[in-house]
Each structure stands twice: as structure tokens, then as C-alpha cells.
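> need a 3D model of the sequence below.
(one chain, ligands or ions: 1)
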Amino acid sequence: MNSSAEALLNRNGSWVLAVVAGGVVILLAVGLYSQGSRSKYPVPPGPKGSPIIGNLRQVPAERSDLQFAKWSKEFSEFVQVLDLALAAKHVISNAYPESDIIYVNLLGQPVIVLNSVKSAVDLLDKKGAIYSDRPRFVLLEAYCNTCPSFKNQKSLLISISSLGFKNNVALIRDGAQFRKLRKPYGSFLSARSSLGYRDAQLKHAREMADEIEKCPEKWQSYLSRFATRVIFSVAFAIDVVDEDDPYFKLADKMGWIVGNMGNNGITILDIAPWVEHIPRWVGKFIPSVKYVHDHTPAIEELHQRPFDAVMRSFKAGTMEPSFLGRLIEARETHDAGEEEEEEEEEDDIKSFTDGELRGTGGSLYSAGQETTYSAETIFVMAMVLTPDVQIRAQKEIDAATRGIRLPTFSDWKTLPIVERIVYETLRLHPPLPNGVPHKTLKEDVYRDMYIPKGSMVIANAWAMLHDPDIYKDPFKFNPDRFLPVSESGGGEPIPVGHFGFGRRVCPGQYLAFASVWIVVATILAKFNITPAKDKDGEDIMPKMEFSTGITSHPVPFPCNFTPRNCL
Ligand code: HEM
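Numbering: from 1, shown residues only. Here you go, the predicted structure:
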């Protein structure tokens with residue numbers, strides 16, 4: 001077994017224990033495995049797997065998106081076609097010399113990986129009724145299952161409570177509860193509503209720039225703080241002040257926890273959820289189980305604290321407007337004379353429990369902080385690697401601001417290069433390379449390929465945004481690729497996929513894009529970003545290496561932020 005597959009299972013080689021202990025699950029796995037062959041259509045092509053564990057050993061624990069993209073170039077849809085009539089059709093049309101859709105089997109769990117925008121749009125966007133479920137993220141849910149009572153439990157992780165990630169909108173299964181919890185985001189985070197948060201974004205971008213000026217070596221920490229401050233002000237109207245602020249400490253901790261948990265949705269706990277019921281003494285040998293135990297208290301606190309604070313300010317009559325504040329107010333007060341549509345939404349909110357409020361509020365932070373921070377650091381890395389782009393963008397910014405002020409959102413139209421830099425940042429490395437997995441509620445057939453019911457469906461944004469047939473030199477940071485050919489650009493499409501698809505598409509995308517925009521504009525106006533030097537005076541260039549977690553970040557790299565002027 002290769003080491004990465006081992007790591008995928010549980011990070012230190014105790015996978016055998018887990019597999020052996022799961023006799024019942026093996027039967028279940030075989031049942032699931034056979035689902036793929038029940039149709040006259042074949043499942044999409046993919047690597048040949050082993051009995052029972054399927055392709056578990058072949059899917060790497062680190063950056064599975066890269067392997068999925070590679071497989072999509074290696075397997076053709078024709079190879080898997082067993083039905084003669086279908087085979088003839090494929091030979092005649094020769095339509096699919098390589099397959100943008102890949103099938104892998106993880107311990108009986110069918111996994112469909114969509115590596116092209118077309119397949120993702122056809123399935124996730126156009127067939128949302130089938131493709132909007134989520135797999136159970138046992139590892140993430142498990143965070144909220146335990147802590148205070150953990151020591152008293154006979155089994156390791158039992159009795160799922162209603163705290164934290166349990167009501168997390170990004171993780172919840174499709175159905176009435178999902179629709180109830182997701183609904184308030186529609187109005188609160190729409191393109192139009194997101195314009196209302198720009199004052200806060202501008203203020204926090206300026207604070208971030210001042211902090212970097214004072215202590216440039218801590219630039220990563222300040223970028224992370226910016227993302228935290230924006231979410232805390234929008235979600236809870238809480239002003240997070242400095243590094244001694246307990247919210248920062250909690251936020252940092254959660255970032256670390258979520259960023260280091262391994263392949264999203266396919267850790268041992270996710271693919272073999274029965275592990276959550278094993279005896280304690282076995283569990284301590286399984287790192288993902290131990291991980292849950294060690295980190296649950298921080299996750300719970302991060303959901304509980306802001307909720308308590310907003311509730312307190314509501315009761316004291318001092319509450320400032322925020323997402324959670326709006327929900328609490330709607331639940332606790334009896335209004336008359338609202339518009340009909342508003343009234344319907346408010347009626348839904350009246351039935352929210354405390355746990356649901358904590359979950360919907362906390363979802364903004366857990367989904368929005370790390371992703372925004374990741375995009376910011378990818379931008380910085382790109383600037384170190386492409387000084388020519390940096391200089392050109394600075395010239396444009398200086399022309400718009402006459403070099404005497406920092407940019408504001410009202411400069412957006414006159415700074416198209418900043419917008420292109422944001423797009424190219426999200427294309428170069430989407431913060432969620434594999435998105436967040438969806439799941440099928442029913443079986444389906446797509447382009448003569450069978451998609452089993454209950455399949456985990458991964459939209460591989462990384463593959464979509466690095467397809468060399470669409471993006472020339474995909475590893476090169478080139479914002480001009482989106483300019484029309486008539487303006488000496490590459491005429492390439494604006495990237496799609498980094499915010500996901502269908503009914504689960506990121507509701508925070510407008511807020512997020514504007515956050516990254518103001519960070520890019522402010523930093524380029526105020527600083528030159530250059531490579532750090534080694535002891536011989538040579539440039540230390542970042543290596544374009546990225547972490548694996550729910551969100552993916554550049555591996556930390558040093559660089560210099562030098563103020564350009566006295567702005
Ligand atoms: C650059 C920053 C961001 C990126 C790249 C990003 C990307 C994504 C992606 C890929 C998904 C999964 C979509 C799918 O399942 O198809 C998602 C879901 C989500 N995002 Fe974002 N996101 C970002 C920022 C934000 C922000 C700032 C917020 C909120 C303030 C947010 C809130 C959410 C929520 C609540 C979900 C779950 C939606 C659902 O499952 O229905 N995101 N995001």
C-alpha cells in the first residue's frame with residue numbers, strides 16, 4: 001500500500017485495524033459496489049480497483065484533485081463500454097477519446113469526479129433535483145458530537161447533538177432542513193445585499209494594510225485577520241480587535257483544524273462512518289477519530305461564543321445589524337405589516353432553534369474565512385512570481401488614484417486589471433480544488449454512462465481551470481488571458497467552478513469576490529511585493545505548492561512587503 005493511501009485512510013497506518021473491524025460494513029460495501037453494474041450502461045471510466053476497498057489505495061491523501069485530473073486524461077469513455085451497441089456508437093462517433101468524467105470506488109462508495117465545466121453544468125446545475133444532496137461528512141459532524149460528555153461515553157463518538165457543524169449549511173443533506181437553513185442567505189448575501197458590506201470591507205482592508213506596514217513579516221496573519229474581521233462584522237457585528245482577542249485565537253485554531261484534516265469527505269471517518277461507534281481503546285489508534293476528539297471543544301466554542309454575544313446585545317437593546325442579529329430579531333419579535341415575501345421568510349425564521357441559529361451563523365465563518373484567506377495568499381504568491389503583472393497593475397491603479405489616495409470600491413470600473421487579477425487568482429488555484437462533494441439522490445444516465453444512486457459527486461474545479469485546451473499555459477499567472485483577442489488578450493473564458501455549482505453554489509461569492517478585490521487593490525496601491533532573499537542574497541521563489549485540507553493554501557513562503565509611498 002502506498003503511503004499516501006495509508007494517510008488517506010487514517011494517517012498512520014492503522015487502516016488494517018479499521019478494515020478488519022468492519023466485517024458488517026464489508027458486506028454493505030460489496031452491495032454498494034455492485035450497484036455500479038446494475039444498469040446496461042457502464043459507469044464512467046476510471047482506474048481498476050481492488051475487491052472490497054476499490055480504489056482506496058490509488059486515491060492520494062494529498063491533492064486528490066491532481067490525480068483525478070490526470071486520470072481524466074488517461075481513460076477514455078470507450079474503454080469501459082461493455083454493451084456492443086453502445087460500443088459501436090462510440091467507435092463511430094469517436095466522441096470521447098478521453099473522459100472528463102471519472103469513476104472511482106472507495107470502500108464501496110461510488111465516487112463520480114466531474115473534470116469539465118460542461119459535465120458539472122449538465123449534472124449539478126441542470127439536474128439539481130438529483131445532484132444537490134451532500135454525503136455525510138462524519139468527520140466534520142463528529143466535531144460537534146462529543147466534547148463535554150466525551151469522557152463519559154462508552155463508545156467514542158455517539159449521540160449527535162445540535163451544536164456547531166451539525167447545522168452547517170455547507171454540510172447538511174438535501175431536504176426541507178437544508179432549504180430552511182439556506183433560505184436566509186438568499187437575501188442576505190445576494191449580489192445586491194453584498195454591496196451593503198463594502199464599507200466594512202474597505203475599513204478592514206485599510207486596517208490590514210496599516211498592520212502590514214508596521215510589521216511586514218506578519219503579512220499572512222494580517223491577511224487572515226482581514227478575512228476574519230469581514231466575516232465577524234457581517235455575520236455577527238462583532239469587532240475583532242487585535243491578536244489577543246479570543247475570537248482571533250479561536251478563528252486561527254479553527255482555520256488550522258479545517259485546513260489539516262485531509263481530503264474533504266473521504267477520510268476514514270467519512271467512508272467508514274461505523275468507525276464512530278467503535279470502542280474507545282480502538283479509536284485512539286485512528287488518527288481522524290483522535291483528531292475529532294482533540295479539536296471539538298474549539299469548534300463548539302466558535303459557534304457558541306458569537307451566538308451568546310449577539311443574543312446578549314439583542315436583550316440589552318444594543319444590537320448592531322448583522323446576519324445573526326437579523327435572524328435573532330426575526331425569531332424573537334412579533335412584527336406587523338411586512339411585505340408578503342419578507343413575511344414568509346420571517347415566518348420560517350420564527351421556527352429556528354438556538355442550534356439552527358448557531359449553525360447558520362457559524363456556517364458563514366467556517367465557509368467564508370479560510371477560503372477568502374486562501375485566495376488572498378494565492379494572490380500574494382502570484383505577485384512574487386510575476387513582477388511584470390504587479391508593475392502594470394500598479395501603474396493602472398496610480399493612474400486612477402493619481403497616486404494620492406488608496407483605491408475604493410468606486411474605482412472598480414476604472415480598474416479592470418484588478419478584477420482580472422482576482423479572476424486569475426481564483427483560476428490559478430481554486431481555494432477548494434475539489435469543491436465540496438455533492439451526492440446523488442437517484443440513479444441517472446449521462447452520455448450513456450451510469451451514475452449510481454448515492455454516488456459522491458466531486459466537481460474538480462482545479463481540473464476545469466487547468467485544462468490546457470481552454471487555458472493556455474495553465475500554470476502561468478496571466479490576467480490578460482481573459483482580455484479579448486482584439487485587445488491583445490487570450491480571449492479565454494472567465495473562470496467558472498471555483499464557487500461550485502447548482503443549488504449548493506457558494507452563496508457568499510459576491511461578498512468573497514469583493515473582499516479579494518479590495519485586498520488586491522489596496523495592497524498593490526500601497527506595497528511592492530518582492531521575493532525574500534536567502535543568505536547568499538538570492539531570491540527565494542515560492543514553489544507553487546499547496547496544502548490539502550477542506551481549503552487549500554500555498555505552502556508558507558517568505559516575501560517582502562515594502563511601502564511604495566506614504567499613502
Ligand atoms: C474566495 C472565497 C470563496 C470560495 C472560493 C468559495 C467556494 C465555495 C465552494 C466551492 C462551495 C461549494 C459549492 C458546491 O457545493 O457546489 C461553497 C459553499 C459555500 N460557501 Fe463559499 N466560497 C468562498 C467564500 C465564501 C464566503 C465569504 C461565504 C460567506 C460569508 C461563503 C459561504 C458558503 C456557504 C454557506 C456554502 C455552502 C452552500 C451550500 O452547501 O448550500 N463562501 N463555497
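> close to the ligand: what parts of this structure are there?
169-170, 182, 231, 363-364, 367-368, 371-372, 375, 431-432, 435-436, 438, 459, 498-501, 504-508, 511-512 (Cβ under 6 Å from any ligand atom). Every residue, glycine included, has its C-beta placed from N, CA and C.
> in strands, which of those appear?
When DSSP state E defines the strands, the subset of these inside them is His438, Ala459.
> could you tell me which of the residues of the chain next to the ligand count as buried?
169-170, 182, 231, 363-364, 367-368, 371-372, 375, 431-432, 435-436, 438, 459, 498-501, 504, 506-508, 511-512 (16 or more other Cβ atoms under 10 Å).
> now intersect those residues with the helices, please.
Judged by DSSP state H, helices contain the following of those: Arg182, Ile231, Ser363, Leu364, Ala367, Gly368, Thr371, Thr372, Ala375, Leu511, Ala512.
> in a markdown table: the residues you listed, plus distance to Pro474.
Shown next, in a markdown table, are those (distance: Cβ to Cβ, whole Å):
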| residue | distance to Pro474 |
| --- | --- |
| Arg182 | 33 |
| Ile231 | 30 |
| Ser363 | 32 |
| Leu364 | 31 |
| Ala367 | 26 |
| Gly368 | 27 |
| Thr371 | 21 |
| Thr372 | 23 |
| Ala375 | 17 |
| Leu511 | 27 |
| Ala512 | 22 |
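> of those residues, which pair is most distant in space?
Arg182 and Ala375 (22.7 Å; Cβ to Cβ).
> name the nearest residue to Cys407, ignoring sequence neighbours.
Rather than Cys, residue 407 is Pro. In this structure, Pro407 finds its nearest non-sequential neighbour in Ala521, 4.1 Å apart by Cβ to Cβ, 6 or more residues apart in numbering.
> thought Asp245 was touching Thr228, still the case?
No - when contacts are counted by Cβ atoms under 8 Å, Thr228 is not listed as touching Asp245 (9.3 Å).
> which parts of the chain are strands?
So, for the chain - with DSSP E - the strands run 101-106, 109-114, 438-439, 444-446, 449-451, 456-459, 527-533, 539-540, 559-563.
> next, format those strands as CSV and append mean pLDDT.
Converted to CSV, those look like this (pLDDT from 0 to 100):
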stretch, mean pLDDT
strand 101-106, 95
strand 109-114, 96
strand 438-439, 97
strand 444-446, 96
strand 449-451, 96
strand 456-459, 97
strand 527-533, 97
strand 539-540, 97
strand 559-563, 97
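> now the ones you listed as CSV including distance to His293?
Below are the strands of the chain laid out as CSV (distance: least, Cβ to Cβ, whole Å):
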stretch, distance to His293
strand 101-106, 24
strand 109-114, 24
strand 438-439, 26
strand 444-446, 38
strand 449-451, 36
strand 456-459, 25
strand 527-533, 38
strand 539-540, 38
strand 559-563, 37
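> phi, psi of whichever residue of the stretch 51-200 of the chain sits closest to the ligand?
Shortest the stretch 51-200 of the chain-to-the ligand distance, computed as Cβ to the nearest ligand atom: residue-wise this is Ala170, at 3.4 Å. Dihedral angles of Ala170 (phi, psi; degrees, to the nearest 10) stand at phi -70, psi -20.
> any chance of the ones in helices among the buried ones among the residues of the chain next to the ligand in TSV with pLDDT and distance to Pro558 as columns?
Compiled in TSV, those are given as follows (pLDDT from 0 to 100; distance: Cβ to Cβ, whole Å):
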residue	pLDDT	distance to Pro558
Arg182	94	41
Ile231	95	27
Ser363	88	34
Leu364	91	32
Ala367	90	29
Gly368	93	27
Thr371	94	23
Thr372	97	22
Ala375	98	20
Leu511	97	30
Ala512	98	26
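> of those residues, which is the nearest to Phe475?
Nearest to Phe475 among these, with distances taken as Cβ to Cβ, is Ala375, at 17.3 Å.
> with adjacent residues omitted, what lies nearest to that closest one?
Val516 (4.8 Å).
> show me the contacts for the closest residue to Phe409 other than its chain neighbours.
Spatial nearest neighbour of Phe409, excluding adjacent residues (Cβ to Cβ, 6+ apart): Arg198 at 4.9 Å. Taking Cβ atoms under 8 Å, 6 or more residues apart in numbering, we find Arg198 in contact with Phe409, Ala514, Ile518.
> check Lys127 too.
Asp444.
> and it, how far from Asp444?
Lys127 sits 7 Å away from Asp444, taking Cβ to Cβ, to the nearest Å as the criterion.
> next one: Thr401
In terms of Cβ to Cβ, Thr401 sits 52 Å off from Asp444.
> kindly report the same for Leu56.
24 Å.
> same deal with Ile299?
Distance from Ile299 to Asp444, by Cβ to Cβ: 35 Å.
> between these two, which one's more packed in?
Here Ile299 and Asp444 are compared on neighbour count by other Cβ atoms under 10 Å; more neighbours surround Ile299, at 25 against 20.
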